[in-house]
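>>> Make a model of this:
(one chain, ligands or ions: 1)
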Amino acid sequence: MSERLKDKVVLITGAASGIGAQAARQFVAEGARVVISDVNIDAGSKLARELGATFVTVDVSVEGQVRSAVSLAVEQHGRLDCMINNAGMVGAVGSILDTRADDWHRTLSVLLDSVFYGIKHAGAQMRRQGSGGSIISLSSLAGVAGGVGPHAYSVAKAGVIALTRGAASELAQYGIRVNAVAPGLVVTPLVDKVYGGRDKAEQGAVANSPLGSAAMPEEIAEALCYLASDEARHVNAHTLVVDSGVSVAGSSASAQFHARPAGFLGTMPKQYQ
Ligand SMILES: NC(=O)c1ccc[n+]([C@@H]2O[C@H](COP(=O)([O-])OP(=O)(O)OC[C@H]3O[C@@H](n4cnc5c(N)ncnc54)[C@H](O)[C@@H]3O)[C@@H](O)[C@H]2O)c1
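Modelled structure (predicted):
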């Protein structure tokens, strides 16, 4: 591994599992000093011990806890260079006609309010430091393409992209870059729950990939490492889609057109007849 994140102080939310845990591993391997945060105390503190990182309990839907996590990172390491707003879950599922307002609000609080808190408090700290920084939030294919995820989840993840663009345009004056990563289906405990087990999750991920292979947390962690690094110093307000091309190539609706013999469907304009 190169040490492209040497001595950068990085706070990752939801880092006890899946993409966040793998990001913690790869950030440490790249030389970063990592603060792992999560509501899962056992898994989060175990990973922190394994990596020689710090662990802090944070519920990202509570603004004061996100603010405290930023303060703790600064107390421990003297500064904050990178904030990864990663914590998440699926949230409200089922028909829009039956969705309870409480479930809708809870979903948005964990997936979208949290990103607002993360950008706000990490951004304020980075502005005080006066040497820029990188804030990266997890969006999703569900926020990019229509009809892919549950309703509240998709709205939250589309909101992450809008907030990323808005915050990036404001915070650029302080040298703070704000970007998002939008994964397609990645094999993690979150997806295991959706599919009912790891084997089925892997099969689902392969079936959903135009490249015919399952995306693993390593691939998303790699995108996060790049956006956190100085190699991405001019990448700002961007949503890096890591979905094997599903968002443009994978829908079954377009596949039926690709399978037809080449030709023209519809009335040919006169000048071409
Ligand atoms: N796995 C995918 O296919 C996929 C695709 C697109 C986007 N994402 C996004 O990537 C992020 C990580 O997902 P994952 O697949 O690694 O899931 P995961 O379930 O493996 O990990 C999510 C972590 O977030 C933590 N968490 C949940 N609610 C929290 C809260 N209120 N406060 C703090 N921590 C909390 C969990 O304890 C867990 O450790 C999420 O934002 C998810 O929406 C995942």
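
>>> would A182 count as being in a strand?
Yes - per DSSP: H, G, I helix; E, B strand; the rest coil, A182 lies within a strand segment.

>>> what's the pLDDT at it?
On the pLDDT scale, A182 is placed at 98.

>>> can you check Q271 too?
With respect to pLDDT, Q271 scores 83.

>>> Let's verify it: helix, strand, or coil?
Secondary structure assignment for Q271 (three-state DSSP): helix.

>>> distance of it from the ligand?
Between Q271 and the ligand the computed distance is 46 Å (CB to the nearest ligand atom, to the nearest Å). In short, each C-beta sits where N, CA and C put it, glycine included.

>>> Could you pull up the contacting residues of that residue?
By CB atoms under 8 Å, 6 or more residues apart in numbering, Q271 lies in contact with nothing.

>>> how far away is S45 from the ligand?
Using CB to the nearest ligand atom, we find S45 at a distance of 12 Å from the ligand.

>>> For that residue, what is the enclosing helix or strand?
In this structure, S45 is located in helix 41-51 according to DSSP states H and E.

>>> For V34, give me phi and psi.
phi -110, psi 140 (degrees, to the nearest 10).

>>> burial measure for it, as a count.
Per other CB atoms under 10 Å, the neighbour tally for V34 reads 29.

>>> In this structure it contacts A53, no?
Yes - V34 lies in contact with A53 (CB atoms under 8 Å); the separation is 4.3 Å.

>>> shared neighbours of those two, anything?
Common neighbours of V34 and A53 (CB under 8 Å, 6+ apart) are 24, 28.

>>> Which residues of the protein lie near the ligand?
Within the chain, the residues that sit near the ligand (CB under 6 Å from any ligand atom) are 13-14, 16-20, 38-40, 58-61, 86-89, 110, 138, 140, 183, 185-186, 188-191.

>>> Helices - which of the residues you listed land there?
In helices, defined here by DSSP state H, the members of the residues of the chain next to the ligand are 18-20, 189-191.

>>> Including neighbour count, distance to Y226 and pLDDT, could the residues you listed go into JSON lines?
Listed next are these as JSON lines, based on neighbours: other CB atoms under 10 Å; distance: CB to CB, whole Å; pLDDT from 0 to 100:
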{"residue": "G18", "neighbour count": "21", "distance to Y226": "19", "pLDDT": "98"}
{"residue": "I19", "neighbour count": "27", "distance to Y226": "14", "pLDDT": "98"}
{"residue": "G20", "neighbour count": "28", "distance to Y226": "16", "pLDDT": "98"}
{"residue": "P189", "neighbour count": "14", "distance to Y226": "24", "pLDDT": "95"}
{"residue": "L190", "neighbour count": "16", "distance to Y226": "23", "pLDDT": "94"}
{"residue": "V191", "neighbour count": "20", "distance to Y226": "23", "pLDDT": "93"}
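
>>> farthest-separated two in those residues?
G20 and V191 (14.0 Å; CB to CB).

>>> what's the burial count for P183?
22.

>>> pLDDT score assigned to the closest residue to V186 other than its chain neighbours?
Spatial nearest neighbour of V186, excluding adjacent residues (CB to CB, 6 or more residues apart in numbering): A215 at 4.7 Å. Reported pLDDT at A215 in the predicted model: 94.
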